[in-house]
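> What follows is a protein structure lacking sequence information:
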Ligand code: LLP
């Protein structure tokens, strides 16, 4: 459920007509609905209300300060993957004691920064990383709280690029090595063992792969107990999918009850790292029709947003629903919706039947709140688009549209030219 609905012919974000935002700031832009963000966070939080848990928003999905702040206000923690994300999380007011740090390539300065900040724990992704974190913490006279990210070798049945929990993926420590690494961690001077972690993939549309992963990790937890290692936190990662087209992912409440059933006998504090589920359907990308090209074999609708603004269709062949911002078209057209970038991979939809858009018509790409702006770039020297947040009948720009000057920041012509 989201708050992008028609009132008459006009598409609204909550009580704001999208065309009114266009009138004020032009196009293209992303717009997020605060009520939808809040609703999704609460749905996830309430799904686990009966057990001790923390929802650590995976901010890679959408790292705008306002979006992160919104979840912090609701009591959320944050899942980070870089020093940059930690900096943003703190700027947004996140409590370090609710920050978990994932990622296969943590650098020394990032580890130091996280230790100085006092984050809850590092989700350790390799044997060498464990050693490195211990060395750095020890040098700083600290202990680093850790969980080992166990790669459980479970197929999440999603797109291969966002499958992370199969043993041929670069993520985590394989399940057969995990016990040994915990044993080693116990003896390392800079390490305090706090938990266990897994994240098996993104856009999962079934609960069963999560349950399979939990079963495998419970086995590890049991063996650790026998070795005298007891864990406080069970971090189950993110990954719960959303509806883009005709998928029917489980509701947070159903996901919650299955997971609680599998984990309640452990008595551990559960951590979740949802990204897409919280923000995906809370944002849309608004763009304008520039030109329509009719060819014998194909039609193209050229718009003012491209793969640099929304990379998901080009990268994963993913589907985003398309709706007119003002419904005044007659009939439909089947076309590729393409951007201005000089690449044939620059499409936002392929062979899609859409309303008969005319030059100047505005269209909305639905479900673009996750991995939309966050993955955008300035390829072709296209300034990144603005971001807007709506609450009720109010809207504010939460990121200014970039300028060409912004793009050249830090560039310099050398003295020898
Ligand atoms: N935790 C970890 C360790 C992750 O790697 C991810 C996502 C998440 C949590 C959040 O997963 P979510 O709840 O959003 O599924 N760019 C791709 C998605 C990449 C996901 C990367 N990791 C896309 O646009 O579909």
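Good, I have the coordinates. This structure is a prediction, so every number in the text was calculated from the model and none was measured.
> Show me what from the stretch 201-350 of the chain comes close to the ligand.
Within reach of the ligand by C-beta under 6 Å from any ligand atom, the stretch 201-350 of the chain has these residues: 202-203, 237-239, 273-277, 312, 316. Just so you know, the C-beta spots here come from the backbone N, C-alpha and C atoms, and that holds for glycine as well.
> For PyMOL, write a command that selects the buried ones of these.
Listed next is the PyMOL selection for buried residues among these, using 16 or more other C-beta atoms under 10 Å:
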select buried, resi 202+203+237+238+239+273+274+275+276+277+312
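> so what's whatever residue of the stretch 101-250 of the chain ends up closest to the ligand scoring on pLDDT?
Closest approach of the stretch 101-250 of the chain to the ligand (C-beta to the nearest ligand atom) occurs at residue 238, with a separation of 2.6 Å. For residue 238, the model assigns a pLDDT of 98.
> so who does residue 71 touch?
37, 41, 55, 57, 78, 278 (C-beta atoms under 8 Å, 6 or more residues apart in numbering).
> how far does stretch 399-412 stretch from start to finish?
26 Å (C-alpha to C-alpha, to the nearest Å).
> Name the residues of it that are buried.
399, 401-402.
> next one: stretch 200-214
Neighbour count says stretch 200-214 has 200-205, 207, 209-214 buried, by 16+ other C-beta under 10 Å.
> can you give me the helices in this protein?
18-25, 34-47, 65-73, 83-91, 108-117, 127-139, 175-187, 208-226, 252-263, 276-279, 312-316, 404-407 (DSSP state H).
> ok, and what's touching the first one?
By C-beta under 8 Å, 6+ apart, the surrounding residues in contact with helix 18-25 are 10-13, 29, 31, 284, 286, 288, 325-326, 362, 364, 386, 388, 395, 397, 401.
> Domain-wise, how is the protein divided?
4-32+280-407, 34-277 (automatic domain parsing).
> Which among the ones you listed is found nearest to residue 417?
domain 4-32+280-407 (19.4 Å; C-beta to C-beta).
> which one of the helices of the chain is the most hemmed in?
helix 276-279 (a mean of 30; mean count of other C-beta atoms under 10 Å).
> before we move on, back to that, torsion angles phi and psi at the residue of the stretch 101-250 of the chain closest to the ligand?
phi -110, psi -150 (degrees, to the nearest 10).
> Surely it and residue 200 touch.
No. Between residue 238 and residue 200 no contact is recorded; they are 9.7 Å apart, counting by C-beta atoms under 8 Å.
> which residues are common contacts for those two?
Joint contacts of residue 238 and residue 200 (C-beta under 8 Å, 6+ apart) do not exist.
> returning to that earlier point: present the residues of the stretch 201-350 of the chain next to the ligand as CSV; the columns should include distance to residue 188.
Below are those laid out as CSV (distance: C-beta to C-beta, whole Å):
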residue, distance to residue 188
202, 31
203, 36
237, 24
238, 28
239, 30
273, 25
274, 31
275, 31
276, 35
277, 35
312, 40
316, 39
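> Now residue 253: closest residue in space that isn't a chain neighbour?
Excluding the flanking residues, the one nearest residue 253 by C-beta to C-beta, 6 or more residues apart in numbering is residue 47, at 5.0 Å.
> actually residue 355, not the one I typed
Nearest one to residue 355, counting by C-beta to C-beta, 6+ apart, is residue 329 at 3.8 Å.
> Residue 384 now?
Residue 384 sits nearest to residue 402 (C-beta to C-beta, 6+ apart), 4.6 Å away.
> Identify the residues contacting that neighbour.
Counting by C-beta under 8 Å, 6+ apart, residue 402 has contacts 378, 383-385.
> Got phi/psi on residue 229?
phi -110, psi 110.
> show me the contacts for it.
Contacts of residue 229 by C-beta under 8 Å, 6+ apart are 182-183, 186, 193.
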